[in-house]
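Asks: The sequence isn't on hand, but the structure is:
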Ligand SMILES: CC(=O)SCCNC(=O)CCNC(=O)[C@H](O)C(C)(C)COP(=O)(O)OP(=O)(O)OC[C@H]1O[C@@H](n2cnc3c(N)ncnc32)[C@H](O)[C@@H]1OP(=O)(O)O
Ligand SMILES: O=C(O)CCC(=O)C(=O)O
């Protein structure tokens, strides 16, 4: 077991993905599922959004889950009051920390931002709450200013700092350097919040952890603002297999929770999506399938069962003899060399026409047709 913690924000940043709106029942189901698989902390939503959201959050609070529950807030006392009214014991307070954000939202008045942060931290701490502080746009913030803000937040009573790569502009090397600087300067732990605008959210989250961050914000399927966030399933499996960190999360249910969130969000995942995509353990190419038939590790980084999947071998345009023979043998069919080649040629043609691999029934039909035509040709040549 490693001390790295997952703070999943599917119910907050995940739901902020344009067009996503979970019902209360869906929120409850997602929270329960995250808890059941062992996620350590759940960012349950934004109480300041109003009564309906507060009721949904209060219902989740009353479920008495094992996971810690956190509410997201602006640096406003009214936001914290809304969190308190939901029964939350942990609040996240976000402030913009880059010049561009402070100019757009607070006319460049950084002192006002700090004042609001101080007041809201004090308000929360006075009520005995755990306070996490988020630096919105940390990655574009001037580094000395960022450090000053976080040191001040720490002094005022914050128990954690969230480093946000809000528009996903870092690479893992820059992330490592920035987070290392913070981790070595702070007494409180750092949390990673990374976005996927350049496809680097998971890589950057891992770089932050390597640099000493204690926790990471994830979302199921990488759902979230614009190109999304670091995906729960990717972070958990990468930490497990690349760094050998066992977070105590039941990875065998990652596919199930992916499907739950896909259905609730209305956004499925592409077949090539890392960890949970339909094709992650599906092999069609001849050379790959030949290898997998000898030893699955030739083309699989871990066993499919580990994430709740099964291996599939499908016959299509790129398949070869070994795969074809293996699939047909399962149906009691053994072809000679000539028949095998003729079936493979026909599979290629039909796959191009259908623009996909063939179903088992289509393959069997095609074998029958090819055997029949070869037999007819043999009879004709005998005559
Ligand atoms: C990077 C992130 O993901 S941050 C999280 C973003 N998430 C969301 O916006 C989703 C939920 N948001 C909402 O439901 C609404 O925006 C609400 C309820 C929070 C606020 O709604 P409204 O009062 O209508 O304000 P609106 O959204 O138009 O503008 C944001 C206001 O918050 C202020 N604000 C923005 N960030 C902060 C902050 N960190 N601390 C304090 N105030 C902030 C803005 O300056 C603006 O204030 P103003 O109304 O005094 O001009
Ligand atoms: O939690 C915060 O402080 C902001 C989080 C966020 O969604 C972001 O910066 O992208």
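Replies: Right, received. Where do you want to start? All of these numbers come straight from a predicted model, not from anything done at the bench. Ligands and ions are numbered 1, 2, ... in the order given.
Asks: Disregarding flanking residues, what is the spatial nearest neighbour of residue 27?
Replies: residue 56 (5.2 Å; Cβ to Cβ, 6 or more residues apart in numbering). For glycine as for every other residue, the C-beta is placed from the backbone atoms N, C-alpha and C.
Asks: Just checking whatever helix or strand residue 183 lives in against ligand 2, any contact.
Replies: Assigned by DSSP states H and E, residue 183 falls within helix 172-185. No - judged by Cβ under 6 Å from any ligand atom, helix 172-185 makes no contact with ligand 2; its nearest approach is 14.0 Å.
Asks: That helix - what's its average pLDDT?
Replies: Mean pLDDT, helix 172-185: 98.
Asks: Show me the helices in the stretch 101-250 of the chain, by range?
Replies: Remark: helices assigned in the stretch 101-250 of the chain by DSSP state H, counting those that start in this stretch are 110-126, 143-156, 172-185, 201-210, 232-242.
Asks: tell me the contacts of the residue nearest to residue 27?
Replies: 24, 27-28, 45 (Cβ atoms under 8 Å, 6 or more residues apart in numbering).
Asks: Just the strands from the stretch 201-350 of the chain, written as ranges.
Replies: Taking DSSP state E, counting those that start in this stretch to define them, one finds strands in the stretch 201-350 of the chain at 215-218, 282-283, 312-313.
Asks: can you tell which of these is closest to ligand 1?
Replies: strand 215-218 (10.7 Å; Cβ to the nearest ligand atom).
Asks: What residues of the closest one count as buried?
Replies: By neighbour count, with 16 or more other Cβ atoms under 10 Å as the criterion, the buried positions of strand 215-218 are 215-218.
Asks: One more: stretch 256-268?
Replies: 256-262, 264-265.
Asks: Please flag which of those sit within helices.
Replies: Among the buried residues of stretch 256-268, the residues falling in helices (DSSP state H) are 256-262, 264-265.
Asks: related to what we said a few turns ago, report the angle between the helix holding residue 183 and helix 143-156.
Replies: Helix 172-185 and helix 143-156 are oriented at 40 degrees to each other (axes from the mean of the first three to the mean of the last three Cα atoms, to 10 degrees).
Asks: Just list what the longest helix along the chain packs against, helices and strands only.
Replies: If you go by DSSP H, the chain has its longest helix at helix 360-382. Here helix 360-382 touches helix 321-329, helix 337-354, going by 3 or more Cβ pairs under 8 Å, 6 or more residues apart in numbering; DSSP states H and E.
Asks: Could you count how many residues lie near the residue of the stretch 201-350 of the chain found nearest ligand 2?
Replies: Of the residues in the stretch 201-350 of the chain, the one nearest ligand 2 is residue 225, at a distance of 6.2 Å by Cβ to the nearest ligand atom. Neighbour count for residue 225, taken as other Cβ atoms under 10 Å: 18.
Asks: Just to check, it is in contact with residue 14?
Replies: No - counting by Cβ atoms under 8 Å, residue 225 sits too far from residue 14 to count as a contact (9.2 Å).
Asks: Now do the contacts for the residue of the stretch 1-150 of the chain at minimum distance from ligand 2.
Replies: At 2.0 Å from ligand 2, residue 134 is the closest residue in the stretch 1-150 of the chain, using Cβ to the nearest ligand atom. By Cβ under 8 Å, 6+ apart, residue 134 lies in contact with 92-95, 161-162, 164, 193.
Asks: Also within reach of ligand 1: list those from those.
Replies: By Cβ under 6 Å from any ligand atom, the members of these lying near ligand 1 are 94-95.
Asks: For the contacts of residue 134, pick the one with the most neighbours.
Replies: residue 193 (32 neighbours).
Asks: Test my guess that residue 340 contacts residue 324.
Replies: Yes - under the criterion of Cβ under 8 Å, residue 340 makes contact with residue 324 at 6.2 Å.
Asks: out of these two, which sits in the more crowded spot?
Replies: Counted by other Cβ under 10 Å, residue 340 and residue 324 do not tie: residue 324 has more neighbours, with 24 against 19.
Asks: In this model residue 315 seems to touch that one, though I could be wrong.
Replies: Yes - at 5.9 Å, residue 324 counts as touching residue 315 under the criterion of Cβ under 8 Å.
Asks: Quick check: neighbours shared by these two?
Replies: Residues touching both residue 324 and residue 315 (Cβ under 8 Å, 6+ apart): residue 347.
Asks: follow-up on the earlier one: turn the helices of the stretch 101-250 of the chain into CSV, including mean neighbour count.
Replies: As requested, the helices of the stretch 101-250 of the chain are exported to CSV (neighbours: other Cβ atoms under 10 Å):
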stretch, mean neighbour count
helix 110-126, 17
helix 143-156, 17
helix 172-185, 17
helix 201-210, 25
helix 232-242, 22
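Asks: Export these as CSV, with columns for distance to ligand 1.
Replies: Conversion of these to CSV gives the following (distance: least, Cβ to the nearest ligand atom, whole Å):
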stretch, distance to ligand 1
helix 110-126, 6
helix 143-156, 12
helix 172-185, 17
helix 201-210, 14
helix 232-242, 17
